[in-house]
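In: Everything below, folded, please.
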Amino acid sequence: MMNEKIVIDSKNRIRFNNNVDFCVGTGRLGLALTEEYLSELKFVQEKIGFKHIRGHGLFSDDVSIYHEYEEDGETKVEYNYTYLDRIFDKYIELGIRPYLELGFMPGELASGTQTIFYWKGNTTPPKDYKRWTDMVVALLKHIRGRYGEEVLDWPIEVWNEPNLPGFWYKADMQEYFKLFKETFEAIKAYDSRFKVGGPAICGVKDAEWIQAFLEFCKENKLRPDYITRHHYTVEFPDRVGHYDYSKLEDAEMRFDNLQSTRDIVDSFEEFKNTPIHLTEFSTSYTPKGVIHDTNLNAAYLAEQLSRIGDMNEAYSYWTFGDVFEEQGVPDSLFHGGFGMVAVGNIPKPAFWTFYFYKQLKKAGSECVFRDKSSVIVKTDKGYAGILWNIKGEEYKCEITFPIDAEMDGKDGFAFITKTVDEECCNPLKLWHDMGETAYPVSEETELIRSSAYPLVKSEVLKAENGELYAEIDVKTNGVVYFELSKRNFTPDRGYDYDRVMTEA
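Out: Coordinates of the predicted model:
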């Protein structure tokens with residue numbers, strides 16, 4: 001077993017933007033009308049708690065907002081918010097607010113018939129830009145009237161991945177720029193306090209699109225409130241049957257790509273320091289990417305979350321749950337779905353990576369140590385941190401903590417670890433060993449769910465000469481969260497734990 005040593009300096013202050021809970025992705029918004037979807041979202045909100053949720057299909061026909069009708073020989077427009085209200089009401093009840101992705105095109109407003117996905121989201125420009133902007137502003141007025149001034153803080157993004165021809169007809173850059181300009185100006189004319197961003201690109205020609213988008217905005221005196229893009233980290237997949245197998249890309253290459261966007265934005269004096277939002281990020285970019293269900297996914301994402309905030313103010317994991325239908329209804333329980341939670345509220349290993357980073361954020365914001373396999377913060381009670389191991393052999397990490405006068409405790413220190421690895425938290429393996437049943441019954445689901453929680457260990461440590469030593473084993477594809485805090489020992493009269501353990 002390899003050994004790694006970390007010596008903590010409590011006076012260190014390392015830049016670490018841990019905005020893990022800002023936003024999470026979802027499938028199309030219409031799925032929020034289903035029971036399983038809401039059950040998964042409730043579970044995620046109770047355990048982690050995200051501020052915003054972003055998904056496709058706000059204006060798609062299944063949400064049924066836009067309608068045209070004929071009256072006195074004239075085409076008129078009316079809006080129906082029945083489903084929208086039901087969806088947004090439920091979001092707010094669960095403590096999460098929409099990140100408004102404006103798209104796709106209502107069928108009656110579309111200039112063409114191109115669609116994408118199993119659910120046929122229309123991806124063509126509007127036949128009438130005035131009717132498009134009227135619809136957008138009417139929506140903002142409606143939600144403002146229903147939910148109050150808080151909607152001014154709901155982020156807005158114009159369209160999704162227009163640099164890909166499947167998501168925007170012919171990936172027409174100039175047509176998208178027109179869409180952005182018309183939408184941006186209409187929203188700002190209604191109320192300039194709304195925050196609007198774009199161009200929501202993904203992968204292909206990303207530098208070219210960001211550069212051209214900013215040049216267009218500069219020329220037209222548009223000041224986007226943030227720049228949006230996506231971030232996926234696998235090579236082109238190999239499709240076998242229903243499933244996509246992909247190799248992870250080098251993490252440094254992917255971080256360099258993110259930095260390149262930051263550099264392009266900052267090269268414009270007008271847009272320097274404009275926030276960047278990753279409105280989608282994950283490893284695989286397909287909803288049948290088998291890596292999503294693995295412990296490797298959790299470990300790789302741990303490094304991503306430790307550094308992704310260096311270049312981006314906000315980022316949104318795609319997605320919270322496996323109720324998702326881009327390529328059709330899933331064929332099996334573990335099918336490589338985007339979600340951090342599988343059907344039946346079974347948390348995948350990656351779920352705990354996000355949970356651990358949220359705990360880290362709650363524990364303290366002063367980062368005192370960070371490298372390629374760990375991040376540690378100083379808290380008001382002691383220290384907390386996350387360690388991970390991407391594909392490497394098992395190693396033992398020895399951490400030396402300085403114990404100052406404020407932390408010095410006669411009762412010692414409680415050292416608690418929560419471990420997620422292929423041995424102790426691996427629902428995929430149990431499902432496989434049970435025979436890979438596609439549609440488990442309730443008893444089977446409960447059993448698989450029971451294998452999907454971290455292994456919790458604890459011990460009492462004593463400081464010597466102002467220092468305290470702790471050891472953590474990090475196995476291959478493992479993620480370990482720890483907390484070190486002063487122990488307040490308050491036994492009841494007559495209770496002797498040592499005697500209980502030896503004589504009970």
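In: contacts, neighbours, all on C-alpha from now
Out: OK.
In: Could I get the buried residue list for the helix or strand where D89 lies?
Out: Per DSSP states H and E: D89 is located in helix 82-93. For helix 82-93, a neighbour-count test (16 or more other CA atoms under 10 Å) marks 83-84, 87-91 as buried.
In: quick one: low-confidence ranges for the stretch 1-150 of the chain?
Out: Regions of the stretch 1-150 of the chain meeting the criterion pLDDT under 70 cover residues 1.
In: List the beta-bridge partners for the residue nearest the centre of the chain.
Out: Closest to where the C-alpha atoms of the chain average out (CA atoms, centre = their mean) is Y317, at 2.0 Å. Residues in a beta bridge with Y317, per DSSP bridges, are V24, F281.
In: gap between it and F50?
Out: From Y317 across to F50, the span is 11 Å (CA to CA, to the nearest Å).
In: need the contact list for the residue lying closest to K418 once chain neighbours are set aside.
Out: With CA to CA, 6 or more residues apart in numbering as the criterion, K418 has its nearest non-adjacent residue at 4.6 Å, and that residue is V456. With contact set as CA atoms under 8 Å, 6 or more residues apart in numbering, V456 has these partners: 416-419.
In: Compare the residues you listed and tell me which has the most neighbours.
Out: Comparing the contacts of V456 by number of neighbours (other CA atoms under 10 Å), T419 comes first, having 26 neighbours.
In: Show me what that residue bridges to in the sheet.
Out: Here T419, judged by DSSP bridges, has bridge partners L455, V480.
In: mind listing what it touches?
Out: Residues near T419 by CA under 8 Å, 6+ apart: 425, 454-456, 478-481.
In: what helix or strand does the nearest residue in space to K361 that is not next to it in sequence sit in?
Out: Spatial nearest neighbour of K361, excluding adjacent residues (CA to CA, 6+ apart): N18 at 6.6 Å. Under DSSP H and E, no helix or strand contains N18.
In: May I see the buried residues of stretch 10-29?
Out: 10, 16-29.
In: Next: stretch 190-199.
Out: Result for stretch 190-199 [16+ other CA under 10 Å]: buried residues 194-199.
In: what is the mean pLDDT for that stretch?
Out: Mean pLDDT, computed over stretch 190-199, is 98.
In: Give me the distance between the two termini of it.
Out: End-to-end distance of stretch 190-199 (CA to CA): 21 Å.
In: Any idea how far it is from the middle of the chain?
Out: 22 Å (CA atoms, centre = their mean, to the nearest Å).
In: Is E422 part of a helix or strand, or is it coil?
Out: Here E422 takes the coil state, with states given by DSSP: H, G, I helix; E, B strand; the rest coil.
In: What distance do you get for it to K391?
Out: The value you get for E422 to K391, if CA to CA is used, is 11 Å.
In: Same question for D85.
Out: Counting by CA to CA, the gap from D85 to K391 is 45 Å.
In: Spatially nearest residue to E325 (excluding sequence neighbours)?
Out: In space, E325 is closest to Y118, 6.5 Å off (CA to CA, 6+ apart).
In: residues near that neighbour, how many?
Out: With other CA under 10 Å as criterion, Y118 counts 11.
In: which ones are touching H242?
Out: By CA under 8 Å, 6+ apart, the contact set of H242 is K288.
In: pLDDT wise, what is it at?
Out: If you check H242, the pLDDT there is 93.
In: Narrow the contacts of T419 to just the buried residues.
Out: If you count burial by 16+ other CA under 10 Å, the buried members of these come out as 425, 454, 478-481.
In: re earlier: is it possible to export the buried residues of stretch 190-199 to JSON lines including distance to I65?
Out: As requested, the buried residues of stretch 190-199 are exported to JSON lines (distance: CA to CA, whole Å):
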{"residue": "F194", "distance to I65": "21"}
{"residue": "K195", "distance to I65": "22"}
{"residue": "V196", "distance to I65": "21"}
{"residue": "G197", "distance to I65": "22"}
{"residue": "G198", "distance to I65": "23"}
{"residue": "P199", "distance to I65": "24"}
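In: could you redo the residues you listed as CSV and give each row secondary structure and distance to E150?
Out: Output for the buried residues of stretch 190-199, formatted as CSV (DSSP: H, G, I helix; E, B strand; the rest coil; distance: CA to CA, whole Å):
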residue, secondary structure, distance to E150
F194, coil, 10
K195, coil, 12
V196, strand, 15
G197, strand, 18
G198, strand, 21
P199, strand, 24
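In: Out of those residues, which is nearest to P275?
Out: G197 (9.6 Å; CA to CA).
In: my guess is that closest one contacts Y226, does it?
Out: Yes - the criterion here is CA atoms under 8 Å, and G197 meets it with Y226 at 5.0 Å.
In: still on that earlier bit, tell me the pLDDT at the residue nearest to the centre of the chain?
Out: If you check Y317, the pLDDT there is 98.
In: how near is it to F43?
Out: Counting by CA to CA, the gap from Y317 to F43 is 16 Å.
In: And for G478?
Out: Relative to F43, and taking CA to CA, G478 is found at 23 Å.
In: number of nearby residues for G309?
Out: Close neighbours of G309, defined as other CA under 10 Å, add up to 20.
In: picking up where we left off before, who's in contact with the residue nearest to K361?
Out: Contact analysis of N18 by CA under 8 Å, 6+ apart lists 305-306, 309, 357, 361.
In: How about Y383?
Out: 376-377, 483-485.
In: Dump the residues you listed into a markdown table; add pLDDT, distance to G112 and secondary structure as well.
Out: Compiled in a markdown table, these are given as follows (pLDDT from 0 to 100; distance: CA to CA, whole Å; DSSP: H, G, I helix; E, B strand; the rest coil):
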| residue | pLDDT | distance to G112 | secondary structure |
| --- | --- | --- | --- |
| I376 | 96 | 52 | strand |
| V377 | 96 | 53 | strand |
| E483 | 96 | 56 | strand |
| L484 | 95 | 60 | strand |
| S485 | 93 | 61 | strand |
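In: Alright, that wraps it up for me.
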